[in-house]
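>>> attaching a predicted model along with its sequence, questions to come.
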Amino acid sequence: MAIKILTPAEIEGMRVVGRMAADTLLHVADRLEVGMSTQDIDDLVHAFTLASGCRPATLGYRGFPKSVCTSVNEVVCHGIPSGQRLNAGDIVNIDVTSVFPAEGGFFGDTSATFYIGGCSALARHVTEIARWSLELGIAQVKPGARLGDIGHAIQSYAEGKGCSVVRDYTGHGIHRVFHDEPSVPHYGRAGVGPKLKPGMCFTIEPMINLGEYAVDLLSDKWTVVTRDRTLSAQFEHTIVVTEEGCEVLTRRGRPLRWSEDGPGARLGPLSCFLPAEAAPAR
C-alpha cells in the first residue's frame, strides 16, 4: 500500500491536533496522584478531550471501551482503565489520541510513562531507556533516510543497555486515519525499508521491556503484558518528515510532571520539553 504524503494544509491540521493531544497529556500529568485509579485517568482524559472540541479516538475503536490506554508496570500497551489503584513505586504509561475536528478530523497520538511516587532503580532504568529510545528514533527521521534506520537505532541502544524491544507492536502512519501505512518497527536493520519523504507522517512509540521481548495478550483481547511479567515502559510522539528533517507534532510546551521533572530523567531536545535555547530546530 502506498504511503500517504500530506499536503501543507493537512500538516497544519495534524499540527493543531498534535498540540491538543500534548495538552491533554499535560493536563493529566498535573493531576496524577498516588492512590488514584486508572479509571480516574480515563475520566480526566475524556472530560478534557471533549472540552477541547476533540473526540477521544480510542473510545469505541474496534470495541475498545475507554477514552485512553493506561498500562501499569508489566502491561506493555492497551491497558484498559479500571478501578485499579496506582501505588507508590508503580510506573504507568498513559497513551492519548485526540481527533480534531471531532468528526472526520485528524488524529494526534502521544504517550509517556510516569513514575508514581518513589520508584525502584529497575523501574527508572527501563523508563529512561524507553525515553531515550524515542529520542534516538526521532533523530533518524529526515528525507532520504530509510524506515529501518529508526528501528536499528532504537534496538541497538536498548539492547546495549540490557533491555529488549517489543516486536509485536509498532508505530504507524497517521493522519485522518488512525492506523495507516507505514508500519514503523522499533527494531531491525539500518538502510532497509521505504525511503522517507517530506510529508510522510507517522508515530514512533518504542515499547521497551526490562526482560525478554515476548508478550502475551490477555483474555480481554486488548491488554498486552510482558510474558515474563517484568516491567515495560513506552514513550510516543507523532512525527512529520520535513524538507530539513522532521517536526514533532505532539511536542509539549512544558515539562511533564511525574515524568520529566524528576531526578535522573534523561531529557532530549527532540522528544522532551527543553528551553528553546537547548532545543535546536531540525
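Everything's here; your move.
>>> which element is R19 on?
helix 8-29 (DSSP states H and E).
>>> ok now that helix, how far from the chain's centre?
How far helix 8-29 lies from its chain's middle: 13 Å, per Cα atoms, centre = their mean, to the nearest Å.
>>> let's number from 4 now, not from 1
Sure thing, new numbering starts at 4, so read that last one as helix 11-32.
>>> tell me the mean pLDDT over that helix?
Per-region confidence: helix 11-32 scores 98 on mean pLDDT.
>>> low-confidence ranges in the chain?
By pLDDT under 70, the low-scoring segments of the chain are 278-285.
>>> run the last query once more with 50
Along the chain, the parts satisfying pLDDT under 50 run over 280, 282-285.
>>> OK, contacts around the residue most central in space within it?
In the chain, the residue lying closest to the centroid (Cα atoms, centre = their mean) is E239, at 1.9 Å. Applying Cβ atoms under 8 Å, 6 or more residues apart in numbering, we find E239 in contact with 98, 112-115, 137, 174, 206-208, 253. Any C-beta I mention is one placed from the backbone N, CA and C, and that applies to glycine too.
>>> measure K145 to T206 for me?
17 Å (Cβ to Cβ, to the nearest Å).
>>> so between these two, which is more surrounded?
For the pair K145 and T206, the greater number of neighbours falls to T206 (23 against 16), based on other Cβ atoms under 10 Å.
>>> the more buried one bridge partners, please.
T241 (DSSP bridges).
>>> and it, how far is that from T233?
Applying Cβ to Cβ, the value for T206 to T233 is 24 Å.
>>> same check, this time on P209
From P209 to T233 the distance is 16 Å (Cβ to Cβ).
>>> how many other residues sit next to the closest residue to E250 other than its chain neighbours?
Excluding the flanking residues, the one nearest E250 by Cβ to Cβ, 6 or more residues apart in numbering is V243, at 5.2 Å. V243 is flanked by 22 other residues according to other Cβ under 10 Å.
>>> so V243 makes contact with L9?
Yes: V243 is within contact range of L9, at 6.7 Å (criterion: Cβ atoms under 8 Å).
>>> okay, and the common contacts of those two?
Between them, V243 and L9 share these contacting residues under Cβ under 8 Å, 6+ apart: 17, 202-204.
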